[in-house]
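> Next come a sequence and a model predicted from it.
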Amino acid sequence: MASFSATTKPFFSSSITSSSSKSTSKSSLLSFLNTAVNSKPILKLSLSHSHNSQSRRPFFVNNVLKTADASQSPVSLESSSSSGAKPTILVSEKLGEAGLQVLRDFGRVECAYGLSPEELCSKIASCDALIVRSGTKVTRQVFEAGKGRLKVVGRAGVGIDNVDLQAATEFGCLVVNAPTANTIAAAEHGIALLTAMARNVAQSDASMKAGQWQRNQYVGVSMVGKTLAIMGFGKVGSEVARRAKGLGMNVIAHDPYAPADRARAIGVELVSFDEAITTADFISLHMPLTPTTNKIFNDNSFAKMKKGVRIINVARGGVIDEDALVRALDSGIVAQAALDVFTEEPPSRDSKLVQHKNVTATPHLGASTIEAQEGVAIEIAEAVLGALKGELSATAVNAPMVAAEVLSELAPYVVLAEKLGRLAVQLVSGGSGIKSVKVVYRSARDPDDLDTRLLRAMITKGIIEPISNSYVNLVNADFTAKQKGLRISEERMVVDSSPEFPVDSIQVQICNVDSKFASATSENGEINIEGKVKYGVPHLTCVGSFGVDVSLEGNLILCRQQDQPGMIGRVGNILGHHNVNVSFMSVGRTSRRKQAIMAIGVDEEPSKDTLQKIGSVPAVDEFVFLKL
């Protein structure tokens, strides 16, 4: 007798009820036809391929990062645009016209500057993207007010300390920045401050404008042969080093993450934090503001420095304890400071630091060149639009960094991974809930040469989305799985296949659950399915212990029946009579004239009557309809 299960909505272990019966009778399981089939819309990946099956068909991943509004069916932005429903992009701080034009060509752009926190939260609920500079605080309250619609926050610049990254990740919102366009401008400003400070340019200019002529008071110091310590050897720090070398300075640097070969190529020695600050004549700060670097320059740090040291900061104000710096200036440990950034911006009018006679101050001008402003505007606009299109930005700061070439190579396997996750979860019937999933990657490559973070995220997406109200993407996949109590383990097996392809097959196992389709259960009691990519198209190649070969396009019917003549024809006739088009069919069996599994790809969703007739075929023992 056949058993049928509709795709009713199971839950994770926290909300599932224990099933006391494992009945597989046809009458009891056909009763599921009278329950509502889960109609929750599924995020579809936009796929483009050639009809020539003899050539490898390229796939284009369009929803790796995309989230959706739970109140409406998610659709691709391409179709949205064609119907006039363009995404809304809020720009809360001034952005170059070139960048605004890039945004206007794609969506609806609203420029609203100087918003209060309350006004920002009010507006954000109707926005798909937000672009800020350093002045707008994107707090947890902003992400909560976005109600899942906010897909990307773009920071027009490098630092992202004004964005709550943890909240962004929890809400599945990608955060991107523009780290390259203002690199040269920031480096040039750092050098400008260094030279201006060394030669008292600002102070002597103010003296001249006051009608004075004080040559003896503004004697400077030479930079040739002096040691400059660069604290943070990233893009800006590296460019400052190049220019300082040109001034004849000896350059050392501290950065726990900088590669030594890159430093050596510029002629810079990497040293410890203490060695850098104790030996330097000049110290230039280029580190991000993190919990580790917050007020890292404090009374204790200043006490270790060479008396008469000079400090430049074009990074983040919060890395310096400003009260401690004032004390160091008063005591003479720090001879001069040149500052472009401050803990509070703008600083108070009576700030002791700004008003100090040995401080040169500028109002956060590091990126303020005409060229940099236009470059940053274009760079952030392109990053935000890429994220709205579902592309993985190289400047994403709260998602695993996946190189463009790796993403391109893994594209068809990304599609396979999500579909295997969707299939596996629809096979779960209840019991104690989904707690543990094991993923096995078979590949000819060395395990260290296979980055599976993207594949794991998409399997997680496929498992969680059909059975919850969560929307999962690469940003929040691991967080969402942990939140649901879902443990995903990975295993990599080296097989004898072509190393040209990153993955030979992907196997998904769901442990300690009951299955709607008993034949999908392996000897160890786990739901087990496996798939491969063939000619660029994802295929289901194994269900339980049965080998099959069916393209994962459209929807799928799995039947276990007695292996006897005419079964393919009987089921095919039922589908044809009800105008359901069969796109692909494959049969796998354990042995001749015993049991077999028929995997049927269908373009349309069969009606309840159609499925009832398939289940009524005497030789059909069980079957299940699965949405892809």
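On my side now, so go ahead.
> Correct me if wrong: residue 497 contacts residue 504.
Yes. Between residue 497 and residue 504 there is a contact under Cβ atoms under 8 Å: 4.3 Å. C-beta here means a position set from N, CA and C on the backbone, and glycine is covered the same way.
> ok, those two, which is more surrounded?
residue 504 (19 against 15; other Cβ atoms under 10 Å).
> Could you check how far that one is from residue 553?
21 Å (Cβ to Cβ, to the nearest Å).
> and if you look at residue 596?
22 Å.
> before we move on, back to that, what do residue 497 and residue 504 both touch?
442, 443, 444 (Cβ atoms under 8 Å, 6 or more residues apart in numbering).
> Can you check which helix is longest in the protein?
Looking across the chain with DSSP state H, the single longest helix is helix 404-426.
> gap between it and the chain center?
Averaging C-alpha positions (Cα atoms, centre = their mean, to the nearest Å) puts helix 404-426 15 Å from its chain's average.
> Give me the mean pLDDT for that helix.
Helix 404-426 carries an average pLDDT of 88.
> Give the buried residues for it.
By neighbour count on 16 or more other Cβ atoms under 10 Å, the buried set for helix 404-426 is 406-407, 410-426.
> before we move on, what about stretch 149-169?
149-164, 167-169.
> Look up the closest residue to residue 249, ignoring the ones flanking it.
residue 228 (4.7 Å; Cβ to Cβ, 6 or more residues apart in numbering).
> To clarify, my last question referred to residue 437.
Per Cβ to Cβ, 6+ apart, closest to residue 437 is residue 488, 4.8 Å.
> picking that back up, list the ones among the shared contacts of residue 497 and residue 504 that fall in helices.
Per DSSP H, the subset of these in helices is empty.
> count of residues packed around residue 576?
Using other Cβ under 10 Å: residue 576 sits among 12 other residues.
> wait, is it part of a helix?
Yes. The assignment for residue 576 by DSSP: H, G, I helix; E, B strand; the rest coil puts it in a helix.
> In contact with the nearest residue to it once chain neighbours are set aside, which residues?
In this structure, residue 576 finds its nearest non-sequential neighbour in residue 582, 7.6 Å apart by Cβ to Cβ, 6+ apart. Shown in contact with residue 582 (Cβ under 8 Å, 6+ apart): 572, 575, 576, 600, 601, 602.
> And the furthest pair within these?
576 and 601 (14.2 Å; Cβ to Cβ).
> Just checking, which helix or strand of the protein averages the lowest pLDDT?
Sorting the helices and strands of the chain by mean pLDDT, DSSP states H and E puts helix 26-30 at the bottom, at a mean of 30.
> which SS class is residue 119?
helix.
> For it, which non-adjacent residue is closest in space?
residue 112 (7.7 Å).
> for that neighbour, phi and psi?
Torsion angles at residue 112 (phi, psi; degrees, to the nearest 10) stand at phi -140, psi 100.
> do the one 10 residues further on as well
Note on residue 122: backbone dihedrals following degrees, to the nearest 10 are phi -70, psi -40.
> Could you point out which of the shared contacts of residue 497 and residue 504 is nearest to residue 395?
Of the shared contacts of residue 497 and residue 504, the one sitting nearest to residue 395 (Cβ to Cβ) turns out to be residue 443, at 29.0 Å.
> ok, what's across the strand from the closest one?
residue 494 (DSSP bridges).
> these two touch, right, it and residue 506?
No. Contact criterion Cβ under 8 Å: residue 443 and residue 506 do not qualify, at 9.6 Å.
> Compare those two and say which one has the larger neighbour count.
residue 506 (25 against 22).
> hang on, the more buried one in a strand?
Yes. Assessed by three-state DSSP, residue 506 belongs to a strand.
> Let me see the contact set for it.
Contacts of residue 506 (Cβ under 8 Å, 6+ apart): 413, 416-417, 420, 439-442, 455, 459, 530-532.
> re the thing from before, can you give me the neighbour number for the residue nearest to residue 119?
12.
> Relative to residue 120, how far out is it?
Counting by Cβ to Cβ, the gap from residue 112 to residue 120 is 8 Å.
> again, but for residue 442
Counting by Cβ to Cβ - residue 442 and residue 120 are separated by 49 Å.
> Have a look at those two and say which one is more surrounded.
Under the criterion of other Cβ under 10 Å, the comparison of residue 442 against residue 120 puts residue 120 first, with 22 against 17.
> how far away is the more buried one from residue 537?
45 Å.
> Now for the nearest residue to residue 613 once chain neighbours are set aside: which residues touch it?
Excluding the flanking residues, the one nearest residue 613 by Cβ to Cβ, 6+ apart is residue 574, at 4.9 Å. Counting by Cβ under 8 Å, 6+ apart, residue 574 touches 610, 613, 614, 617.
> Isn't the first one up against residue 578?
This means residue 610. Yes. Between residue 610 and residue 578 a contact is recorded at 4.2 Å, counting by Cβ under 8 Å.
> who's more crowded, the two?
Shown here are residue 610 and residue 578; by other Cβ under 10 Å, residue 610 has more neighbours (20 against 15).
> Doesn't that one belong to a helix?
Yes. Under three-state DSSP, residue 610 sits within a helix.
> who touches it in this structure?
574, 575, 578, 580.
> in this protein, which ranges drop under the pLDDT threshold?
1-84, 392, 400-404, 430-432, 469-471, 589-593 (pLDDT under 70).
> tell me the centre residue of it?
residue 399 (3.0 Å; Cα atoms, centre = their mean).
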